[in-house]
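*Asks:* have a look; sequence and predicted model below, questions after that.
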Amino acid sequence: MKIAMAGKGGVGKTSLTAWLADRLARNGKDVWMVDADTALSLGQASGLSPEALPVPLIRRGDLIRERIHAGGFLDLNPDVGDLPESLAVDIPIAGPVAPDVTTGRKRLLVMGAVTNAGGGCACDANALLKALLAHVVMERDAWVLVDLEAGVEHLGRGTAAHVNGLVVVSEPSMRSLQTGAEVGRMARDLGVANQVLVLNRHENGVPPALDGLPDRRVSIPPLPGLMGRQMTDASVLGLPETAMVDKLMDGLLDMLARGQSAAS
Ligand SMILES: Nc1ncnc2c1ncn2[C@@H]1O[C@H](COP(=O)(O)OP(=O)(O)O)[C@@H](O)[C@H]1O
Ligand SMILES: [Mg+2]
């Protein structure tokens with residue numbers, strides 16, 4: 001399955017991607033994590049040291065020229081089937097593994113955001129991201145998790161068109177829920193009906209009924225174990241709350257899988 005996380009900045013998209021990936025890999029799944037944000041923090045959130053991060057794909061001018069501008073014109077449907085395998089880095093599994101389970105694999109593909117903020121052309125990067133999402137090798141048990149750029153602008157360029165599940169991440173605040181609702185509406189217009197709202201750092205209260213906000217919902221409480229160490233540690237894995245987070249991730253994955261089979 002291909003799942004994307006979207007929502008306002010700072011709400012927990014990257015943390016959630018790291019938690020889901022680790023949980024899936026510990027359950028024997030082959031996971032491709034795609035960092036499509038400018039902050040490029042998914043590797044570190046997964047415990048990778050900054051030096052171990054690969055060069056983001058959008059800064060690989062050589063590859064972009066080779067694939068997107070092959071023949072001198074902009075190829076909006078480039079052949080990228082080999083890129084995940086050759087560019088991704090393996091990330092060690094962090095959480096505890098049950099004795100009877102053969103672990104899967106966690107790989108990180110650092111794409112970079114599809115804006116032109118860094119000087120690169122947004123259309124090139126966007127074409128690459130869309131092609132990657134459309135073509136990334138899908139083995140039976142493989143999962144693709146995309147950590148999208150904050151906000152909604154990239155959705156207008158179709159970044160979520162090739163996923164079969166969308167996680168709208170929000171804090172329990174009106175502004176972040178409004179962004180979440182906008183994300184939900186835009187993804188719905190792209191044909192992504194399988195959506196779940198993750199209300200992060202949620203303690204109590206019911207979110208308002210905003211058009212576009214997914215009605216299936218998972219709440220994650222504030223995690224003191226994460227707050228207590230995030231000043232000195234960029235990883236969100238290996239927390240004292242891992243068992244509880246795992247249960248929430250299982251519930252979320254189950255909702256996404258059921259939404260996908262209902263849609264197909
Ligand atoms: N449930 C939570 N409890 C405590 N801290 C959290 C929780 N979820 C995320 N964080 C922290 O909040 C910050 C922002 O999260 P992050 O995943 O980077 O958000 P985003 O990717 O949406 O910008 C990070 O420092 C992260 O460790
Ligand atoms: Mg992030």
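*Replies:* Here it is on my side, so go on. Ligands and ions are numbered 1, 2, ... in the order given.

*Asks:* show me where the stretch 1-150 of the chain has its strands.
*Replies:* Listed in chain order, the strands of the stretch 1-150 of the chain (DSSP state E, counting those that start in this stretch) span residues 2-7, 30-36, 89-90, 105-110, 142-148.

*Asks:* neighbouring strands of the second one in the sheet, and parallel or not?
*Replies:* Strand partners for strand 30-36, identified by DSSP bridges, are recorded as strand 105-110 (parallel), strand 142-148 (parallel).

*Asks:* hey, what's the residue in the stretch 101-250 of the chain that ligand 2 sits nearest to bridged with?
*Replies:* Taking C-beta to the ion as the measure, the stretch 101-250 of the chain has Asp147 as its residue closest to ligand 2, at 5.9 Å. Any C-beta I mention is one placed from the backbone N, CA and C, and that applies to glycine too. Applying DSSP bridges to Asp147 gives these bridge partners: Met5, Asp35.

*Asks:* that one against Ser15, yeah?
*Replies:* No. Taking C-beta atoms under 8 Å as the definition, Asp147 is not a contact partner of Ser15, at 9.6 Å.

*Asks:* compare those two (neighbour count), which wins?
*Replies:* Asp147 (28 against 25; other C-beta atoms under 10 Å).

*Asks:* end to end on stretch 49-61, go ahead and measure it.
*Replies:* With C-alpha to C-alpha, to the nearest Å as the measure, stretch 49-61 spans 24 Å from end to end.

*Asks:* what is the mean pLDDT for it?
*Replies:* Stretch 49-61 comes out with an average pLDDT of 84.

*Asks:* buried residues, that stretch. List them.
*Replies:* Leu53, Pro54, Pro56, Leu57, Ile58, Arg60 (16 or more other C-beta atoms under 10 Å).

*Asks:* quick one: low-confidence ranges for the stretch 1-150 of the chain?
*Replies:* Scanning the stretch 1-150 of the chain with the threshold set as pLDDT under 70 gives 113-125, 136-141.

*Asks:* close to ligand 2: what parts of it are there?
*Replies:* On the criterion C-beta under 5 Å from the ion, ligand 2 has as its neighbours in the stretch 1-150 of the chain the residues Lys13, Thr14, Asp37.

*Asks:* for ligand 1, tell me which of these show up nearby.
*Replies:* The overlap between those and the neighbours of ligand 1 (C-beta under 6 Å from any ligand atom) comes to Lys13, Thr14.

*Asks:* by neighbour count, which of the residues of the stretch 1-150 of the chain next to ligand 2 wins?
*Replies:* Counting neighbours by other C-beta under 10 Å, the top entry in those is Lys13, with 30 neighbours.

*Asks:* look up how far Phe73 lies from the closest residue to that one other than its chain neighbours.
*Replies:* What sits nearest to Lys13 in space, not counting adjacent residues and going by C-beta to C-beta, 6 or more residues apart in numbering, is Met5, at 4.2 Å. Using C-beta to C-beta, to the nearest Å, Met5 is found at 33 Å from Phe73.

*Asks:* more crowded one of those two?
*Replies:* Met5 (27 against 8).

*Asks:* the more buried one against Ala150, yeah?
*Replies:* No. Here Met5 does not reach Ala150: they are 10.3 Å apart, not a contact under C-beta under 8 Å.

*Asks:* the helix or strand where Ser176 lies: how far from the chain's middle?
*Replies:* Secondary structure here is read from DSSP states H and E; on that basis Ser176 sits in helix 174-189. Relative to the chain's own centre, helix 174-189 is displaced by 16 Å; criterion: C-alpha atoms, centre = their mean, to the nearest Å.

*Asks:* kindly report the same for stretch 229-242.
*Replies:* Distance, stretch centre to chain centre, for stretch 229-242: 19 Å (C-alpha atoms, centre = their mean).

*Asks:* so what touches it?
*Replies:* Contacts to stretch 229-242, defined as C-beta atoms under 8 Å, 6 or more residues apart in numbering, come from residues 14-15, 18-19, 22, 41, 44-47, 94-96, 223-226, 245.

*Asks:* residues of that stretch that come out buried?
*Replies:* Ser235, Val236, Leu237, Leu239, Thr242.
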